[in-house]
Each structure stands twice: as C-alpha cells, then as structure tokens.
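Trainee: For reference, the sequence and a predicted model appear below.
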Amino acid sequence: MSAIPLPKATHASSVLTCEECGAEVQVLGLDGPDVAETVEQWNREHARCGSDPTSVAWQDLVQRSEAQLYVDPDDDLTKLSPIPRPSWAPVERDSIRKAVWASAYRSESVAIPLAHNLFSEHRDGSTLPSRFEVAAKRSGLGDDLVGITLCKIIDGEWTWHGTNMTLDEARRLAEVITAACDLAVTP
C-alpha cells in the first residue's frame, strides 16, 4: 500500500490548514501525545480532500468489504456476521471459514449409526460406528441450511463427506427417503 501525500500545510507549529477544503485546527496548548493524536486524526480526516469523490467512495467500499469478508477462524461468528446467533447454536459449534458467507452457526449434531458399515474399535472395547450426522445451520449471511455429513471408514481411515442443503432440498430428501422406506417394505 503506497503512502498518500497529505493535502495539509503547517503555517505555524500550532495550526494545521487543509489546502483543499480550508479547514484549520489549532494544536497550541496541547501536550505531546495529544498533539500527535490530533495530527494523526487530522491526517486521516483530510487525506482525501480534493480527491475524486467516485474514487474515494470506491476505496471506502473496498475497505469495508475486506473487513466483512475475511475472518479469524478462532473468532465468535457474532463478531463477524450481521446475523444474530440462533437460540439453538452454541458458540463452540460455530463453523468459521475464510469468508463470512462460508461460515455458519450450527446446532448440535444428531448422529444416525449405520449398521451396514464398519465400526472403529477402541482399546477400551468401545466402538464408534460409521454414521450420518445432521445439523441445522444458518450461514453468516443468513441462509437457513441443513448440513449432512457421512462419517465412514474407508481403507482403514475415517473420512468425512458433507454437504449443505437448502430447507427445500432437505425436505425433498426426507420425502424421498420416506418413500423409499415405504417401497422397501412393499411385497
């Protein structure tokens, strides 16, 4: 990022004057740190005086969009998204991705064990079955979704394959699964 030459002039050590808009600020009587803070604020406020308004507006949009899109994966999604947290979404289930639109509030998952797939055996004798996990989601931009993940052992390793569906898609899948269940028991 290159430095922008500031359109201000210092006529005396105690007065700052913007050559573009004519505004002035007096710094006489301020302590050292207060003078520095006043000068920094002045520079920010008058850095774009005389610039093309269209370019200034565009740069403001660029800066706002960068702040909205890129997120810290350790953050709470409410700090990054304008969408309020749903009552069913605990903070520890937030899915923070590289952009707000890809992030989501998530409910606790419901696991559906799969009897016709491999189980993982643990040293203590317990087992963990292959399974589907289903969760309600609300994206960082407010889209209501259902997430389905297949957790399965393939070639001796656990794999996770997931997808998000719109509510209409999830309802259609539920309808088709119900119809397939009905068909499976038909003589």
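Mentor: Cool, the structure landed.

Trainee: domains of the chain?
Mentor: 8-51, 77-184 (automatic domain parsing).

Trainee: For these, which has the smallest mean pLDDT value?
Mentor: Between those, the one with the least mean pLDDT is domain 8-51; it has a mean of 70.

Trainee: Show me the helices in this structure, by range?
Mentor: 32-46, 53-69, 167-184 (DSSP state H).

Trainee: Now do the residue nearest the centre of the chain against Leu150, distance only.
Mentor: In the chain, the centroid-proximal residue (C-alpha atoms, centre = their mean) is Val100; its distance is 2.6 Å. From Val100 across to Leu150, the span is 27 Å (C-beta to C-beta, to the nearest Å). Placement of C-beta: from N, CA and C, glycine included.

Trainee: got the contact list for Asp144?
Mentor: Ala136, Lys137, Arg138, Thr166, Leu167 (C-beta atoms under 8 Å, 6 or more residues apart in numbering).

Trainee: and stretch 99-115, C-alpha only, in CSV?
Mentor: C-alpha atoms of stretch 99-115 as CSV (Å, rounded to 0.1, in the frame of the first residue of the first chain):
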residue,chain,number,x,y,z
ALA,A,99,-15.2,-15.8,4.4
VAL,A,100,-18.4,-14.8,6.3
TRP,A,101,-20.6,-16.3,3.6
ALA,A,102,-18.9,-19.7,4.0
SER,A,103,-19.2,-19.6,7.8
ALA,A,104,-22.2,-20.8,9.8
TYR,A,105,-23.9,-21.1,13.1
ARG,A,106,-24.5,-24.8,13.7
SER,A,107,-26.8,-26.8,16.1
GLU,A,108,-25.6,-29.9,17.9
SER,A,109,-25.4,-32.8,15.5
VAL,A,110,-27.8,-35.8,15.6
ALA,A,111,-25.9,-39.0,14.8
ILE,A,112,-27.5,-41.8,12.9
PRO,A,113,-25.4,-45.0,13.2
LEU,A,114,-25.1,-47.1,10.1
ALA,A,115,-25.4,-50.8,10.8
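
Trainee: didn't Ser14 look like it was pressed against Glu24?
Mentor: No. Taking C-beta atoms under 8 Å as the definition, Ser14 is not a contact partner of Glu24, at 10.4 Å.

Trainee: Would you map the strands across the protein?
Mentor: 8-12, 15-18, 24-26, 104-106, 110-113, 119-121, 127-129, 131-139, 144-154, 157-166 (DSSP state E).

Trainee: Distance from the chain centre to the fifth one, please.
Mentor: The reference is to strand 110-113. Put simply, strand 110-113 sits 27 Å off its chain's centre (C-alpha atoms, centre = their mean, to the nearest Å).

Trainee: Then stretch 101-116?
Mentor: Worked out by C-alpha atoms, centre = their mean, stretch 101-116 lies 19 Å from the chain centre.

Trainee: I'd like to know how far the nearest residue to Ala89 once chain neighbours are set aside sits from Val134.
Mentor: Excluding its sequence neighbours, the residue lying closest to Ala89 (C-beta to C-beta, 6 or more residues apart in numbering) is Tyr105, at 3.7 Å. Per C-beta to C-beta, Tyr105 is found 15 Å from Val134.
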